[in-house]
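> Fold the stuff below for me.
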Amino acid sequence: MSLYPDNFEAGGLMTEAVRTARENGIVGAGGAAFPTHVKLASKADVMIANAAECEPLLYKDEEILRHFPDLFMKGLTIAASAVGAQRIVIGIKDKHPDLVKMLRDRLPRSVEIGLLRDTYPSGDEFLLVRDLTGRQIPRGGIPIDVGTVVQNVETLYNLGAGAPLVEKFVTISGEVDEALTLKVPIGMSWRNILQALRIGTEGKGFILGGPMMGTVIRNLGLPVTKADSGLVILPSGHSLLVKKSRTETAVRKIAYSCDQCMRCSDLCPRDLLGHGVKPHRAMISVTMGATEKLAWNRSALYCCECALCTLYACPEDLDPFRVMVESKKQLLRAGERPLKGHVENNPMYKYRRTPTKMLVRRLGLEEFVRPHRYIEKDLRPEELAIPLSQHRGSPAVPVVRKGQKVEARELIGEIPEGALGSRLFSPLPAVVERVDNERILLKVL
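Numbers count the residues shown, from 1 in each chain. Below is the predicted model of the structure:
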């Protein structure tokens, strides 16, 4: 079976794919929110669909594959054709044998299924490319440096749908009877979503995103954006919430007790790839002066911010992750930039990968691994707050004014001329209530 559709013509479908992604405001749905049309303008011989979904308690990509395989496959074919890929691989964990069988029964033989171990963070692009192709993305590089483009499952679904991006798949999980994945209008508040699902909030804490890389939020009035993947609900005193809520002062204070055991560096996924990322060096640098600290912390530029060092590796409950993130910010402010360089795997690469089951146990989340399913729900909130900046690049430029009536899927924000960005659309029929430098507020009709 041919890899490309019968009507494929070099330059034709490629232009159409880039146009579809750009005009419909499609961005990376795995968290990075990088404008998809830019990726599709690249040339690569391998296209990888990232179905690893490495964060515990999130299930949206799995549910998309189960319920919308045809739109996913359509988007995957379009994306692969656009970049000229001669090989297509879907990276998915081997813990989903039924889902793998379903995909194999529906896929053309030219599309490969790449089985991944259930480890964290298997969805990291650098690990994914290495595990599925054997290619090593250089330190400071990106997948296209080794002829590969990686797209998230939901991104490919959106590309296959070929319509303005106005809804987001999210998972609501944690201290709930069952984890629910559903489509919600972009701009709807998390509070309104929980109210619609009749989920109580008293005595609860909330992590926006996954337990590892997500952030604790106290304002449930925040709107859903293109980059969001879900909300994890935990008892307010849960240890994970406490760790993630530490102040910068507390993080620095406890760093002084680091005994340099190096376990954080030994288990660092990027260090196992040979990128020389050393969280233990950042920990000891808290005692140094500004100039010496920058030189000592240079490896933080290559940190993927997976938080494994803090939430799993450290035996003393310290916070090397936060120290690394702050070190990276300081280096960037000082004008330092990642430099590309050849890397080779650590000999322990295969043996120091972190099993997700052990990670869940370490996080104290075993009791919250509950049944999960996808539901359809008609959500019509009274208001939608559409942030102008919910993607990589420049904020969108409003093209509507206060008092203007807009239809569902009507353009409300445009990419600035000559800039990296993404378009915005109204999810529902509405009247523009306010336009400012940060958002467009819509009153739903």
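> C-alpha only now, for contacts and for neighbours.
Will do.
> quick one, helices of the stretch 1-150 of the chain?
Per DSSP state H, counting those that start in this stretch, the stretch 1-150 of the chain carries helices over the ranges 12-23, 36-40, 60-67, 69-83, 97-106, 125-133.
> Throw these into a markdown table and include mean neighbour count, distance to residue 298 and mean pLDDT, thanks.
As requested, the helices of the stretch 1-150 of the chain are arranged in a markdown table below (neighbours: other C-alpha atoms under 10 Å; distance: least, C-alpha to C-alpha, whole Å; pLDDT from 0 to 100):
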| stretch | mean neighbour count | distance to residue 298 | mean pLDDT |
| --- | --- | --- | --- |
| helix 12-23 | 19 | 36 | 79 |
| helix 36-40 | 22 | 28 | 93 |
| helix 60-67 | 20 | 34 | 97 |
| helix 69-83 | 24 | 34 | 95 |
| helix 97-106 | 14 | 41 | 95 |
| helix 125-133 | 20 | 19 | 97 |
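> possible to save these as a markdown table with distance to residue 423?
What follows is the helices of the stretch 1-150 of the chain, written out as a markdown table (distance: least, C-alpha to C-alpha, whole Å):
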| stretch | distance to residue 423 |
| --- | --- |
| helix 12-23 | 7 |
| helix 36-40 | 11 |
| helix 60-67 | 23 |
| helix 69-83 | 19 |
| helix 97-106 | 32 |
| helix 125-133 | 25 |
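> Give me the below-cutoff pLDDT ranges for the chain.
1-14 (pLDDT under 70).
> Can you pull the domain assignment for this structure?
Dividing the chain into domains by automatic domain parsing, as the record does, gives the ranges 12-161, 166-233+367-381, 248-363, 391-445.
> How far off centre is the second one?
Same thing as domain 166-233+367-381. Domain 166-233+367-381 sits 15 Å away from the centroid of its parent chain (C-alpha atoms, centre = their mean, to the nearest Å).
> Same check on the longest one?
Counting by C-alpha atoms, centre = their mean, domain 12-161 is centred 12 Å from the centre of its parent chain.
> ok, now the third one?
Averaging C-alpha coordinates over domain 248-363 and over its chain gives two centres that are 20 Å apart (C-alpha atoms, centre = their mean).
> Mind telling me which residue is nearest the centre of this structure?
In the chain, the residue lying closest to the centroid (C-alpha atoms, centre = their mean) is residue 31, at 2.2 Å.
> And the strands in the stretch 251-400 of the chain, which stretches?
Here the stretch 251-400 of the chain has its strands, by DSSP state E, counting those that start in this stretch, at 354-355, 372-374, 383-387, 397-398.
> could you dump the ones you listed to CSV with mean neighbour count and distance to residue 219?
Listed next are those as CSV, based on neighbours: other C-alpha atoms under 10 Å; distance: least, C-alpha to C-alpha, whole Å:
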stretch, mean neighbour count, distance to residue 219
strand 354-355, 18, 32
strand 372-374, 18, 25
strand 383-387, 24, 14
strand 397-398, 20, 25
